[in-house]
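**Q** sequence unknown, structure follows:
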Ligand code: ADP
Ligand code: ADP
């Protein structure tokens, strides 16, 4: 579904991505792991059209997207949940979710879509009429993912969903990722450590200093356990 080949990018003279190739197949959940500064966010920004690559190709669902605008890429079904939970604190959970729905849907469809999302994120049902600013970090992360889901992406990319969360809360967020994937959503997830990815991952890439230094598939991940 997504195929990145020999991607390169720089900020001025600082090279951040140095010839990265990776792929995500339909219905997979793929992790891109690496320490701070490895180039992971730059890679996601390029794939979302927010930063121009200096070389390489990106094919998504059969189309070349390396130099398309973020709007076009989003409309093709590739949606990014950026690091830091970009939700509207003064709006309620309900209002944040409605903002994620597409304008072409009718109200009955929007209700059905929101019900489907609330089934995966039951905590949001309990907090439906709370202002998002009163949600815990984990709840805000789930709201950000839930809202992205309402755009019905073909591939959702999530930048560090566990950032700043307590271990038990990370478990809840990961449980919702598992359910999302079980419903057929294809996911590309960025994290700094492999701590909790191995039981979920179809594929893991480890990135360091602008390069992929390790690629493991489900089969090879299963070997050690
Ligand atoms: P990661 O997401 O893995 O932490 P980044 O993609 O954010 O890595 O950063 C990769 C490299 O690019 C780092 O050396 C970082 O300092 C640099 N970098 C990231 N964003 C910018 C920017 N806006 N301007 C200049 N350098 C940047
Ligand atoms: P409107 O106010 O525009 O008529 P609602 O907010 O009542 O729309 O409903 C939108 C969707 O969200 C419906 O599918 C509804 O079932 C669901 N919903 C509304 N309020 C809640 C709630 N407190 N808890 C769970 N689901 C809710």
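**A** In hand now; what should we look at? All values derive from a computational prediction rather than experimental measurement. Ligands and ions are numbered 1, 2, ... in the order given.
**Q** Please report the distance of residue 152 from residue 9.
**A** Distance, residue 152 to residue 9, using C-beta to C-beta, to the nearest Å: 29 Å. For the C-beta atoms, the positions are set from N, CA and C on the backbone; glycine is no exception.
**Q** same question, residue 30
**A** Going from residue 30 to residue 9 by C-beta to C-beta gives 20 Å.
**Q** Between residue 152 and residue 9, point out the one with more neighbours.
**A** Set residue 152 next to residue 9 and count neighbours by other C-beta atoms under 10 Å: residue 9 wins out with 22 against 15.
**Q** Wait, that one touches residue 54, no?
**A** Yes - using C-beta atoms under 8 Å, residue 9 makes contact with residue 54 at a distance of 5.7 Å.
**Q** what separates the helix or strand where residue 142 lies from the chain centre, distance-wise?
**A** Element membership of residue 142, judged by DSSP states H and E, is helix 137-149. Distance, stretch centre to chain centre, for helix 137-149: 11 Å (C-alpha atoms, centre = their mean, to the nearest Å).
**Q** which helices and strands sit right next to that helix?
**A** If you count contacts as 3 or more C-beta pairs under 8 Å, 6 or more residues apart in numbering; DSSP states H and E, helix 137-149 packs onto strand 78-81, helix 93-100, helix 107-120, helix 122-126, strand 155-159, helix 167-182.
**Q** With distance to residue 59 added, can I get those in TSV?
**A** Putting the helices and strands packed on helix 137-149 into TSV (distance: least, C-beta to C-beta, whole Å) gives the following:
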stretch	distance to residue 59
strand 78-81	11
helix 93-100	26
helix 107-120	28
helix 122-126	34
strand 155-159	12
helix 167-182	22
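**Q** closest to ligand 2 out of these?
**A** helix 107-120 (3.3 Å; C-beta to the nearest ligand atom).
**Q** Distance check, residue 180 against residue 3.
**A** In terms of C-beta to C-beta, residue 180 sits 22 Å off from residue 3.
**Q** Return the set of buried residues in stretch 175-185.
**A** The neighbour-count check on stretch 175-185 (16 or more other C-beta atoms under 10 Å) flags 176-177, 180-181, 185 as buried.
**Q** Residues of the chain that sit close to ligand 2?
**A** 94, 111, 114-115, 118, 125, 128-129 (C-beta under 6 Å from any ligand atom).
**Q** Now rank the residues you listed by neighbours and give me the top one.
**A** Neighbour max across the residues of the chain next to ligand 2 (other C-beta under 10 Å) = residue 114, 20 neighbours.
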